[in-house]
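**Q** Need the 3D shape of this:
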Amino acid sequence: MDQHRFKTQQRDRRHLRTRRKMTGTAERPRLSVYRSLANMYAQVIDDTTGNTLVAASTQSKALRETVKYGGNVAAAKVVGRQIAQEALKLGIKKVVFDRGGFLYHGRVKALADAARQAGLSF
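**A** I've put the predicted structure just below:
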């Protein structure tokens, strides 16, 4: 079995296992994080309606000029700050953090800490 495919399957299993217990509501939506090799993505999702309320990534137009490379901790901090600012504009202060099956370490932790410092609570 290909090593990359095996690691992806393991991450998907971890993500599904946590998603069984976690849902985002209108009062407390879910902050979902995805990290690829070169980019970071974050979404605030209301699972009751299935709508993405806010999204930010290193590929969005607002962040593309400020971030040279999206696959490092500095870029994750910028995405965390951006997602928190956009959520606060909509009046969202509390979220449920969904790490997407990734370890809470490195870029995922940096994004979460930056979002907390910008005003989100989870």
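**Q** Arg30 pairs with what?
**A** Note on Arg30: beta-bridge partners Ile45, Val96, judged by DSSP bridges.
**Q** Need the pLDDT of it.
**A** The per-residue pLDDT reported for Arg30 equals 97.
**Q** any idea how far it is from Gln3?
**A** Counting by C-beta to C-beta, to the nearest Å, the separation of Arg30 from Gln3 is 30 Å. Yep, even glycine has a C-beta here, placed from its N, CA and C like the rest.
**Q** which of the two has more neighbours?
**A** Neighbours of Arg30 and Gln3, each counted by other C-beta atoms under 10 Å, are more numerous for Arg30; the result is 20 against 7.
**Q** Mean confidence (pLDDT) on the strand or helix carrying Leu111, please.
**A** Using DSSP states H and E, Leu111 sits in helix 107-117. For helix 107-117, the mean pLDDT works out to 98.
**Q** Can you report how many residues lie near the nearest residue to Asn72 once chain neighbours are set aside?
**A** By the measure of C-beta to C-beta, 6 or more residues apart in numbering, the closest residue to Asn72 outside its immediate chain neighbours is Arg107, 7.3 Å from it. When neighbours are defined as other C-beta under 10 Å, Arg107 has 22 of them.
**Q** low-scoring stretches of this protein, by residue?
**A** 1 (pLDDT under 70).
**Q** For it, which segments count as strands?
**A** 30-35, 40-46, 51-57, 96-98 (DSSP state E).
**Q** Now render these as TSV, adding distance to Lys77.
**A** Converted to TSV, the strands of the chain look like this (distance: least, C-beta to C-beta, whole Å):
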stretch	distance to Lys77
strand 30-35	13
strand 40-46	9
strand 51-57	12
strand 96-98	16
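**Q** Identify whichever of these lies nearest to Arg13.
**A** Among these, strand 96-98 comes nearest to Arg13, with 14.8 Å by C-beta to C-beta.
**Q** Which strands or helices does the closest one pack on?
**A** strand 30-35 (3 or more C-beta pairs under 8 Å, 6 or more residues apart in numbering; DSSP states H and E).
**Q** In PDB, could you pull the C-alpha coordinates for the strand it packs on?
**A** The C-alpha coordinates for strand 30-35 follow below in PDB (Å, rounded to 0.1, in the frame of the first residue of the first chain):
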ATOM      1  CA  ARG A  30     -17.700  24.400  13.900                       C
ATOM      2  CA  LEU A  31     -14.300  25.800  12.900                       C
ATOM      3  CA  SER A  32     -12.900  23.200  10.500                       C
ATOM      4  CA  VAL A  33      -9.200  23.200   9.600                       C
ATOM      5  CA  TYR A  34      -7.500  21.600   6.700                       C
ATOM      6  CA  ARG A  35      -3.800  21.600   6.000                       C
END
